[in-house]
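Peer 1: Next input, structure requested:
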Amino acid sequence: MRKNTQKSTSRRFTVLIEQNEDGVYLANVPALVGCRTQGRTLTEVEERVKDAISLYLDVARSRGRRIQGTRLVGVHQVEVP
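Peer 2: Predicted structure coming up:
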């Protein structure tokens, strides 16, 4: 895991985790466009998504981008004929 050399300010992100047909766990961070990862176990994907978020934020900071974040409204199931 990477160590953050800047002052630590904790931020909370919603992470959506799904499991594909091969049993691989897929993690997606809706507030950070394109921030996703995968792992063979829940523990592995949780560790990897923390790293992915940290890397995403590091790159955004280095480019002077501010992360606004979004608020997850809900997860819906829609039936289609």
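Peer 1: Need the per-residue pLDDT for residue 74.
Peer 2: The per-residue pLDDT reported for residue 74 equals 82.
Peer 1: quick one, what contacts the residue nearest the centre of the chain?
Peer 2: Geometric centre of the chain, nearest residue: residue 29, 3.3 Å, by CA atoms, centre = their mean. Residues near residue 29 by CB atoms under 8 Å, 6 or more residues apart in numbering: 13-16, 35-36, 49, 52-53, 56. For every residue, glycine as well, the C-beta is placed using N, CA and C.
Peer 1: Look up how far residue 43 lies from it.
Peer 2: Going from residue 29 to residue 43 by CB to CB, to the nearest Å gives 18 Å.
Peer 1: for the chain, what spans make up the strands?
Peer 2: In the chain, the segments counted as strands under DSSP state E are 16-19, 25-28, 36-39.
Peer 1: Just tell me which of those ends up closest to residue 76.
Peer 2: Among the strands of the chain, strand 16-19 comes nearest to residue 76, with 12.6 Å by CB to CB.
Peer 1: next one: the closest one to chain centre, how far?
Peer 2: Offset of strand 16-19 from its chain centre (CA atoms, centre = their mean, to the nearest Å): 11 Å.
Peer 1: Kindly report the same for stretch 43-51.
Peer 2: The answer for stretch 43-51 is 9 Å, by CA atoms, centre = their mean.
Peer 1: who touches it?
Peer 2: Counting by CB under 8 Å, 6+ apart, 1-2, 15, 17, 25-27, 29, 37-39 sit against stretch 43-51.
Peer 1: circling back to that earlier point, can you list the strands of the chain in TSV and add mean neighbour count?
Peer 2: Formatted as TSV, the strands of the chain follow (neighbours: other CB atoms under 10 Å):
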stretch	mean neighbour count
strand 16-19	12
strand 25-28	18
strand 36-39	18
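Peer 1: nearest to residue 79, of these?
Peer 2: strand 16-19 (18.7 Å).
Peer 1: Adjacent strands (with direction) for the closest one?
Peer 2: With DSSP bridges as the test, strand 16-19 is paired with strand 25-28 (antiparallel).
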